[in-house]
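*Asks:* Mind looking at a prediction? Sequence and model below.
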Amino acid sequence: MIMKSDSDQTMSRLVYERLKNLLNDGKLRPGQFMDLNVLGAELGMSRTPLRDALIRLEAEGFVTVFPRRGVLVNALELGDIRDLYEVIGALEAQAVLSALPGLGKEGIARMRELDASMRRALDDDDFSRYYDDNLRFHDIYLERSGNGELLRTVRTMKERLYDFPRRKAYVREWEAASCGEHAELVRLLESGDGPAAAAYVRDVHWSFAVQEPFVTRYYFALGRDREGR
């Protein structure tokens, strides 16, 4: 087996992060085929780190590699979103159960502070701050779950949902409802009822059936409005 050097691994990671930024910024659009020769020239990279980065992105669901045709940036369809919600809900429910014994008053208080900060961000029409605080809120219990693989998997799936590309518009009613759900989760955690908190995360907060009306407006209605369709 040929082992990659540290420099090769570092270069592949840098290319991977650069491609993720291009996806986030909308410079690589869903449904678009990448020209690897052009992309390699633009990035100033050889084919090897570019290939390694694309293999990783394909494994994570961001692209599909077609031999001799190129690389397709995958579109995020409604079925994909449903599947991601189901898996994230199950994983976050487990994280809640694992994290609760070590969450403590400090962790719960921090979650309450972040939920309040999200509400203020909505009042200020600052979705960027809301988005960052939302991720931090969930990371409180994800990081305390003690499961690094779970944490990495959930973060990658959320990148597919949120950074594909990162949308500037948002559905205010959805974000307000999410804050209410956060407050209920905090209440359940504070009561020490781990099973109820885990079920709430899975069956309400990350339930596709519950969230589908908002999902449809956010991912599809907003996109059509921006593109004039």
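*Replies:* Sure thing, it's come through.
*Asks:* Please count neighbours and contacts with C-alpha atoms only from this point.
*Replies:* Fine.
*Asks:* Kindly provide the distance from the residue sitting nearest the centre point of the chain to residue 193.
*Replies:* The centroid of the chain falls nearest to residue 158 when counting by CA atoms, centre = their mean (1.3 Å). Per CA to CA, to the nearest Å, residue 158 is found 26 Å from residue 193.
*Asks:* Now do the contacts for residue 174.
*Replies:* Going by CA atoms under 8 Å, 6 or more residues apart in numbering, residue 174 touches residue 214.
*Asks:* Tell me the buried residues in the helix or strand hosting it?
*Replies:* Using DSSP states H and E, residue 174 sits within helix 172-191. Across helix 172-191, burial judged by 16 or more other CA atoms under 10 Å covers 174-175, 178-179, 181-183, 185-186, 188-190.
*Asks:* Go ahead and list the helix or strand containing the residue nearest to residue 203 when sequence neighbours are not counted.
*Replies:* In space, and not counting its chain neighbours, residue 203 is closest to residue 89: 7.5 Å by CA to CA, 6 or more residues apart in numbering. Per DSSP H and E: residue 89 is located in helix 78-123.
*Asks:* And that helix, what does it pack against?
*Replies:* helix 127-143, helix 148-162, helix 172-191, helix 194-200, helix 208-216 (3 or more CA pairs under 8 Å, 6 or more residues apart in numbering; DSSP states H and E).
*Asks:* Which one of those helices lies nearest to residue 76?
*Replies:* Closest to residue 76 of the helices and strands packed on helix 78-123 is helix 148-162 (CA to CA; 7.9 Å).
*Asks:* That closest one vs helix 127-143, what angle?
*Replies:* Here helix 148-162 runs at an angle of 160 degrees relative to helix 127-143 (axes from the mean of the first three to the mean of the last three CA atoms, to 10 degrees).
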